[in-house]
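sequence-free structure coming up:
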């Protein structure tokens, strides 16, 4: 099906150059972009999956010390530097 689109001149130039670099057509590039945007996001599904973190030996058994949030980089960095969380 044919349609008319209004695309900013600079964006169209970049898209044409990218399509040429990828040895594809502008039409295929636009179709691919639309398909990607219309698909359900895969990243959302992965972000809800629980991750089992390995436990590490410690003086009192296994696992992280109390007060350390394994999902927080700041908490992990502070613990590595010996700073209180």
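Alright, I've got the coordinates. Since the structure is predicted, the reported quantities are computational estimates derived from the model, not experimental observations. Numbers count the residues shown, from 1 in each chain.

pull out the buried residues from whatever helix or strand residue 15 lives in.
Using DSSP states H and E, residue 15 sits within helix 9-21. For helix 9-21, a neighbour-count test (16 or more other Cβ atoms under 10 Å) marks 15, 19 as buried. Glycine gets a C-beta too; all of them are placed from N, C-alpha and C.

now the helix or strand hosting residue 27 against helix 9-21, angle please.
Residue 27 is part of helix 26-38, with elements assigned from DSSP H and E. Between helix 26-38 and helix 9-21, the angle comes out at 100 degrees (axes from the mean of the first three to the mean of the last three Cα atoms, to 10 degrees).

and the helix holding residue 15, what does it pack onto?
Helices and strands touching helix 9-21, by 3 or more Cβ pairs under 8 Å, 6 or more residues apart in numbering; DSSP states H and E, are helix 26-38.

for this protein, which spans come out with low pLDDT?
The model of the chain has pLDDT under 70 over residues 42-65, 82-85.

quick revisit: just checking, what packs against the helix holding residue 27?
Secondary elements touching helix 26-38 (3+ Cβ pairs under 8 Å, 6+ apart): helix 9-21.

which outside residues touch the helix it packs on?
Here helix 9-21 makes contact (Cβ atoms under 8 Å, 6 or more residues apart in numbering) with 7, 25-26, 28-30.

try 7 Å this time
The contact list for helix 9-21, computed with Cβ atoms under 7 Å, 6 or more residues apart in numbering, reads 25-26, 29.

kindly reformat the residues you listed as JSON lines containing neighbour count and distance to residue 35.
As requested, these are exported to JSON lines (neighbours: other Cβ atoms under 10 Å; distance: Cβ to Cβ, whole Å):
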{"residue": "25", "neighbour count": "12", "distance to residue 35": "15"}
{"residue": "26", "neighbour count": "14", "distance to residue 35": "15"}
{"residue": "29", "neighbour count": "16", "distance to residue 35": "11"}
